[in-house]
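Enquirer: Model the structure of this input:
(chains A and B)
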Amino acid sequence: MIKSLRGMNDILNDEEYKRYTYFIQTATKVAKNYGFHFIETPILEETALFKRSVGESSDIVGKEMYQFTDKGGNDVCMRPEGTAGVVRAFIQNKLDRAGGVHRYFYHGAMFRYERPQKGRLRQFHQFGCESFGVASVYEDANMIMMVSDILKELGIGYRLQLNSLGDQNCMPQYRDALVSFIESVESEICEDCKRRKTTNPIRVLDCKNEQCQSLYANAPKLIDSLCEGCQSDFDTLKQILDDNEIAYETDTNLVRGLDYYSKTAFEFVSDNIGSQSAIAGGGRYDRLVEFLDGRATPAVGFAMGIERLLELIVMPQEKRSGYYLGAMDDAAVNFILKLAHQKRQTKKVTCEYKPKNLKNHLKGADKVHARFCCVIGSNELENNTIWIKDLEMKTEQTINIKDF
RNA sequence: GUGGGAUUAGCUCAGUUGGUUAGAGCACUAGUUUGUGGCACUGGGGGCCGCGAGUUCGAAUCUCGUAUCCCACCCCA
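Expert: Sure, this is the predicted structure:
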């Protein structure tokens, strides 16, 4: 038997596909309410796109990409995340030159060559939003409120973690200060941290090693090193969240794994899905458009991991809907199918092809959650009528076929 | 990539010190007067015991390899 590849799953189990489509519908609705519109970009992109956007130092680019050479000799890659492609499309269509505000949402498969576990797959799905052209921190707040709205509508509880990563005025200075601090304790830190010092020094801050953590207690704090602009934006953001009753915790060690973030960084986490607890993450990336050869454009975005959310979604109770059509005589089967065809122009119809007694038709109608069970037997066939029972109201009537 | 646990019916799981035709619940299906659903009763289908070697008279059971899932590390959505 041929099986799907490691970490690549079908979404068709009982409840799963219902949850998946319900999520997409809900998230789409909220995103549209916020003025975002749908965009679809290719799964395959030039490898250079991800190297320049996500960053060479990240694990994603370093070891997790599905990268290969195609038959034309091009170095290509299955997208490991969604932002890079959207930014590329934005620039390619010269929207950076057009000016104005552009807001997009997308959803689709992403690929990372990792060791799978619960909530971590090699092919997984993200829903994401990207906003271009708004430098104001109000837009950052808007994005966070949007995620909050989506999660609330889906009945999903969360904790929101917030940080500011600074911008090109304060971040490089902080980075230098941190590196010299790390050098001062370098002999006592773990191997991983020694490696991080050169690849991505900020990452040492969330090292799990206890000895490292005790040493880093004295490290300079990013949050204390923000320049005036970053600090006031961060304060404004927190004020807006307070005003809108969105609870958050500031986590000065929250460092996003992708290099392109600056200023606002946020992560929504759930305590109910195992160790892969991040269900949504995002932040501001004001420099990315110019890194990818576009005209400098402020931008902010987020992505949600759909698989991680699925089991947390509280599904609305399923209501009976549509019609079930059945015949009690062979002679009526063809007629039933014709009726079904007509009715389907406007309604959802389940049609049973085998003649059965009334009891079994009612069972069948109940099983497909139909609202109305409609049956034609010999009596009905003679009189050109159809028997209809409303399974919810428990009322029944026999009406003329013409009125069906 | 490194460690640990698991894998038996569509699903959740039993299966004795290795011993005949491998079980249960749920689900599915058919009946229980050709006229009243959710319940109940009685039948039925469905398993290369993850896959491949080995030990043995004999393997779901013991050994090795391999694949996948789960957990931790790493990292992220």
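Enquirer: Okay, now the unreliable bits of chain A?
Expert: For chain A, the stretches with pLDDT under 70 are A:14, A:208-209, A:257-258.
Enquirer: try it again with 80
Expert: Along chain A, the parts satisfying pLDDT under 80 run over A:1-2, A:13-15, A:56-62, A:186-217, A:253, A:255-260, A:274-275, A:318.
Enquirer: Kindly report the domain assignment for it.
Expert: Chain A breaks down into these domains under automatic domain parsing: A:16-170+A:226-310, A:323-403.
Enquirer: Please enumerate the strands of the stretch 151-300 of chain A.
Expert: Remark: strands assigned in the stretch 151-300 of chain A by DSSP state E, counting those that start in this stretch are A:159-164, A:249-250, A:262-269, A:278-284, A:299-305.
Enquirer: can you put the ones you listed in JSON lines and add mean neighbour count and distance to RNA strand B?
Expert: Backbone N, C-alpha and C define where each C-beta goes, glycine included. Converted to JSON lines, those look like this (neighbours: other C-beta atoms under 10 Å; distance: least, C-beta to the nearest atom of the strand, whole Å):
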{"stretch": "strand A:159-164", "mean neighbour count": "21", "distance to RNA strand B": "11"}
{"stretch": "strand A:249-250", "mean neighbour count": "12", "distance to RNA strand B": "16"}
{"stretch": "strand A:262-269", "mean neighbour count": "23", "distance to RNA strand B": "6"}
{"stretch": "strand A:278-284", "mean neighbour count": "24", "distance to RNA strand B": "4"}
{"stretch": "strand A:299-305", "mean neighbour count": "24", "distance to RNA strand B": "3"}
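Enquirer: so can I have CSV of those strands showing distance to A:I60?
Expert: CSV is the format used below for the strands of the stretch 151-300 of chain A (distance: least, C-beta to C-beta, whole Å):
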stretch, distance to A:I60
strand A:159-164, 20
strand A:249-250, 25
strand A:262-269, 16
strand A:278-284, 13
strand A:299-305, 13
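Enquirer: among those strands, which is nearest A:E56?
Expert: With C-beta to C-beta as the measure, strand A:262-269 is the member of the strands of the stretch 151-300 of chain A nearest A:E56 (17.4 Å).
Enquirer: rewinding a little: nearest to A:V375 among the strands of the stretch 151-300 of chain A would be which one?
Expert: Taking the strands of the stretch 151-300 of chain A one by one with C-beta to C-beta, strand A:299-305 is closest: 45.6 Å.
Enquirer: Tell me the neighbouring strands of that closest one, and mark each as parallel or antiparallel.
Expert: Counting by DSSP bridges, the strands paired with strand A:299-305 are strand A:123-132 (antiparallel), strand A:278-284 (antiparallel).
Enquirer: In JSON lines, list these along with distance to A:P116.
Expert: Shown next, in JSON lines, are these (distance: least, C-beta to C-beta, whole Å):
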{"stretch": "strand A:123-132", "distance to A:P116": "10"}
{"stretch": "strand A:278-284", "distance to A:P116": "16"}
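Enquirer: Same list (the domains of chain A) but as TSV, adding distance to A:C190.
Expert: Converted to TSV, the domains of chain A look like this (distance: least, C-beta to C-beta, whole Å):
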stretch	distance to A:C190
domain A:16-170+A:226-310	16
domain A:323-403	56
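Enquirer: residue ranges of the helices in the stretch 251-400 of chain A, please?
Expert: A:288-291, A:306-310, A:330-343, A:358-367, A:378-383 (DSSP state H, counting those that start in this stretch).
Enquirer: Of the ones you listed, flag the one that's most buried.
Expert: Comparing those by mean neighbour count (mean count of other C-beta atoms under 10 Å), helix A:306-310 ranks first with a mean of 23.
Enquirer: contacting residues around it?
Expert: A:16, A:19-20, A:23-24, A:107, A:119, A:121, A:124-127, A:151, A:154, A:156, A:270, A:273, A:276, A:278-279 (C-beta atoms under 8 Å, 6 or more residues apart in numbering).
Enquirer: Quote the end-to-end distance of stretch A:350-359.
Expert: Stretch A:350-359 has its terminal residues 17 Å apart, counting by C-alpha to C-alpha, to the nearest Å.
Enquirer: Could you confirm whether it reaches RNA strand B?
Expert: Yes: Stretch A:350-359 lies within reach of RNA strand B by C-beta under 7 Å from any atom of the strand, at A:K354, A:P355, A:K356, A:N357, A:L358, A:K359.
Enquirer: Then stretch A:122-136?
Expert: Yes: legend: contact between stretch A:122-136 and RNA strand B by C-beta under 7 Å from any atom of the strand is shown at A:F124, A:Q126.
Enquirer: from the middle of its chain, how far away would that stretch be?
Expert: Remark: stretch A:122-136 is offset 9 Å from the chain centroid, using C-alpha atoms, centre = their mean, to the nearest Å.
Enquirer: In it, which residues are buried?
Expert: Within stretch A:122-136, the residues that count as buried by 16 or more other C-beta atoms under 10 Å are A:122-134.
Enquirer: Out of the residues you listed, the closest to RNA strand B would be?
Expert: Nearest to RNA strand B out of the buried residues of stretch A:122-136 is A:F124 (C-beta to the nearest atom of the strand; 3.7 Å).
Enquirer: May I have the beta-bridge partners of that closest one?
Expert: For A:F124, the beta-bridge partners under DSSP bridges are A:M110.
Enquirer: Look up how far A:R295 lies from it.
Expert: From A:F124 across to A:R295, the span is 33 Å (C-beta to C-beta, to the nearest Å).
Enquirer: Report the contact partners of A:F38.
Expert: Shown in contact with A:F38 (C-beta under 8 Å, 6+ apart): A:T28, A:Y104, A:F105, A:Y106.
Enquirer: Noted, bye for now.
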